[in-house]
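Visitor: just a sequence and a predicted model for now, questions to come.
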Amino acid sequence: MRVDVISIFPDYFAPLDLSLIGKARASGVLDLGVHDLRTWTHDVHRTVDDTPYGGGPGMVMRPEPWGEALDALVPPGATPPPRLLVPSPVGVPFTQALAYEFAAEPHLIFACGRYEGIDQRVLAHAETRMPVTEVSLGDYVLFGGEVAVIVMLEAITRLLPGVLGNADSLDEESHAHGLLEAPVYTKPPTWREQDVPEILRSGDHGRIARWRRDEALRRTAARRPDMLARLSTEQLDKRDVAT
Ligand SMILES: Nc1cc(-c2ccc3ccn(Cc4ccc(CN5CCCCC5)cc4)c3c2)n[nH]1
């Protein structure tokens, strides 16, 4: 997968050479390019913002540098065209389902806004040549899109083939079955007077699978009733969990 990131703070993405994303880049599974938006400014001050039409707080990102940046990164007549992802407080919620969708794309371009956002005409023009999705990471306001891109890149990259050592862990994790996963334990069997649940040391894989599902249901009901409400009855009734 090819990923391009455009930002006025390209150094934000230096940590992406660490750990799994670093391995994905080294193995060629992820081909990441980070670009400084100011590359596409032409004034001595390398200006990327201006005052908002209609008044209001702060500054807005000028359309011209963005237009030239996207011209440079979107090969004319690219098929399929890249998908442009724009972190935004007013975007659609980023979910594991969206992470899977985006992980299937051959080419993603992330536009990191700052100030009060990007001139809307940039997104409108981009939509004439590629799919554009404004994505929110949650109902809180960040300073800009960079942190959101790092989160989305991590969620997307771990879904790419060969990135996770044990592909099984993808299958078992939260939001994969629509439930929060059960608690995890490792050695020692007793720690500060707390024992690991006996069932997990029983070797009875059928009982263990059922215990984990019960724990997942209990946790989800307590912490995320919204997720439980979305589960269909047959999924809830799946008591005879496959081992
Ligand atoms: N999930 C999530 C994503 C983001 C996010 C993503 C990208 C950018 C680019 C800039 N910001 C900062 C910012 C601050 C305040 C506003 C609201 N402001 C009110 C007055 C009229 C204009 C708009 C909008 C943008 C960003 C914030 N925050 N949270």
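Guide: Sure thing, it's come through.
Visitor: could you pull out the helices for this structure?
Guide: 19-27, 63-73, 96-103, 120-126, 146-157, 168-172, 205-223, 225-230, 233-236 (DSSP state H).
Visitor: hmm, the third one touching the ligand?
Guide: No. Counting by Cβ under 6 Å from any ligand atom, the ligand has no neighbours in helix 96-103; the shortest distance is 13.0 Å. All C-beta atoms are positioned from the backbone trio N, CA, C, and that covers glycine.
Visitor: give me the angle between that helix and helix 146-157.
Guide: 80 degrees (axes from the mean of the first three to the mean of the last three Cα atoms, to 10 degrees).
Visitor: in helix 96-103, what's buried?
Guide: 98-99, 102-103 (16 or more other Cβ atoms under 10 Å).
Visitor: residues in contact with that helix?
Guide: 1, 83, 85, 92, 108, 135, 152, 155-157, 159-160, 174-176 (Cβ atoms under 8 Å, 6 or more residues apart in numbering).
Visitor: reformat the helices of the chain as JSON lines; add distance to Ile199 and mean pLDDT.
Guide: Below are the helices of the chain laid out as JSON lines (distance: least, Cβ to Cβ, whole Å; pLDDT from 0 to 100):
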{"stretch": "helix 19-27", "distance to Ile199": "31", "mean pLDDT": "85"}
{"stretch": "helix 63-73", "distance to Ile199": "53", "mean pLDDT": "98"}
{"stretch": "helix 96-103", "distance to Ile199": "28", "mean pLDDT": "97"}
{"stretch": "helix 120-126", "distance to Ile199": "52", "mean pLDDT": "98"}
{"stretch": "helix 146-157", "distance to Ile199": "31", "mean pLDDT": "96"}
{"stretch": "helix 168-172", "distance to Ile199": "17", "mean pLDDT": "64"}
{"stretch": "helix 205-223", "distance to Ile199": "5", "mean pLDDT": "97"}
{"stretch": "helix 225-230", "distance to Ile199": "23", "mean pLDDT": "91"}
{"stretch": "helix 233-236", "distance to Ile199": "21", "mean pLDDT": "68"}
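Visitor: phi and psi next, for Thr186.
Guide: phi -140, psi -180 (degrees, to the nearest 10).
Visitor: for the residue nearest to the spatial centre of the chain, what are its contacts?
Guide: By Cα atoms, centre = their mean, the chain has its centre lying nearest to Met152, at 2.0 Å. Applying Cβ under 8 Å, 6+ apart, we find Met152 in contact with 85, 87, 94, 99, 102, 110, 135, 137.
Visitor: looking at the helices of the chain, which is closest to Asp11?
Guide: helix 146-157 (9.5 Å; Cβ to Cβ).
Visitor: from the chain, which residue is nearest to the ligand?
Guide: Gly113 (3.2 Å; Cβ to the nearest ligand atom).
Visitor: tell me the pLDDT of that residue.
Guide: The model reports Gly113 with a pLDDT of 98.
Visitor: good, we can wrap up now.
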